[in-house]
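Visitor: Sequence plus predicted model, see below.
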Amino acid sequence: MTPATASPALSSPSLSPATPDKRLRIIDRTMRLHGYASHALIETLHAVQEAFGYLEPDLMRYVAGRLKVPLSRVYAVATFYHFFTLKPPGEHTCVLCKGTACYISGTAEIFRKVEEMLGIHAGETTADGKISLMTARCLGACGLAPAGVFDGTVVGNLTLDTVVNKLQAWRSHDADHRESAGDRENRNRCR
């Protein structure tokens, strides 16, 4: 767990349902609705991801203990499905499918070029915290191969150009937004 992103409730050595963190109460409610049954693992991990933004090791241990499942099972589920992340995500998320249909259709080459362009590997976030690059074993959109997910929107028939354009648009939009805010600040000073 990184100290900069840790909440006060999570910095204690053990999590407890009595912790005043409202996010833990949401997670506990999800488990309670399912009778603390082991089959509620995926639903509970969704609740954790939604509440905290990612699956911290302390939270995975907490879920394993409350649902009475081995930590290895929690970790296996968390790393198998592409929609779970073990690190804080960037402002934008690019998920590229590495399933058979997408791989054959060229996603491997696209992925290699995107890694070069961003200077990161799968599962990492750019140094400025803007873009996270993820992979999925299969998005279930084989008819659209190669496919990817950009900030939650599935896009099919990807080409290197479409992916690069999307990533550059994210960067330029964020830069334009910062510049616009700076321009407004300068205009206000001149008045």
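Guide: Yep, it's here.
Visitor: how about stretch 42-61: buried residues?
Guide: 44-45, 47-49, 51-52, 54-56, 58-60 (16 or more other C-beta atoms under 10 Å). For every residue, glycine as well, the C-beta is placed using N, CA and C.
Visitor: domain assignment for the protein?
Guide: 8-80, 92-190 (automatic domain parsing).
Visitor: Can you add mean pLDDT and distance to L86 and give these back as JSON lines?
Guide: Output for these, formatted as JSON lines (pLDDT from 0 to 100; distance: least, C-beta to C-beta, whole Å):
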{"stretch": "domain 8-80", "mean pLDDT": "87", "distance to L86": "5"}
{"stretch": "domain 92-190", "mean pLDDT": "86", "distance to L86": "8"}
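Visitor: which ones are touching V164?
Guide: 113-114, 117 (C-beta atoms under 8 Å, 6 or more residues apart in numbering).
Visitor: V114 versus that one, what's the distance?
Guide: 7 Å (C-beta to C-beta, to the nearest Å).
Visitor: Inside strands: which ones of the buried residues of stretch 42-61?
Guide: For those, not one is inside strands, with DSSP state E as the criterion.
Visitor: Filter those residues down to the ones in helices?
Guide: Residues of the buried residues of stretch 42-61 located in helices (DSSP state H): 44-45, 47-49, 51-52, 58-60.
Visitor: Dump these to a markdown table, plus distance to L33.
Guide: Output for these, formatted as a markdown table (distance: C-beta to C-beta, whole Å):
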| residue | distance to L33 |
| --- | --- |
| T44 | 10 |
| L45 | 14 |
| A47 | 10 |
| V48 | 14 |
| Q49 | 17 |
| A51 | 15 |
| F52 | 19 |
| D58 | 22 |
| L59 | 18 |
| M60 | 20 |
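Visitor: which one of those is nearest W170?
Guide: Nearest to W170 among those is Q49, at 21.5 Å by C-beta to C-beta.
Visitor: Please, which helix or strand holds T85?
Guide: T85 belongs to no helix or strand when elements are defined using DSSP states H and E.
Visitor: Ok, the one 10 residues further on next?
Guide: According to DSSP H and E, V95 maps onto strand 92-97.
Visitor: who does that strand touch, helix- and strand-wise?
Guide: helix 108-118, strand 131-136, strand 148-150, helix 160-190 (3 or more C-beta pairs under 8 Å, 6 or more residues apart in numbering; DSSP states H and E).
Visitor: so what does the shortest one touch, helix or strand wise?
Guide: It refers to strand 148-150. strand 92-97, strand 153-155.
Visitor: which one of the ones you listed is the most hemmed in?
Guide: strand 92-97 (a mean of 23; mean count of other C-beta atoms under 10 Å).
Visitor: Name the residues that touch the helix or strand just after that strand?
Guide: Proceeding N to C from strand 92-97, the next assigned helix or strand is helix 100-102, under DSSP H and E. Under the criterion C-beta under 8 Å, 6+ apart, residues 96, 138-139, 142, 145-147 lie in contact with helix 100-102.
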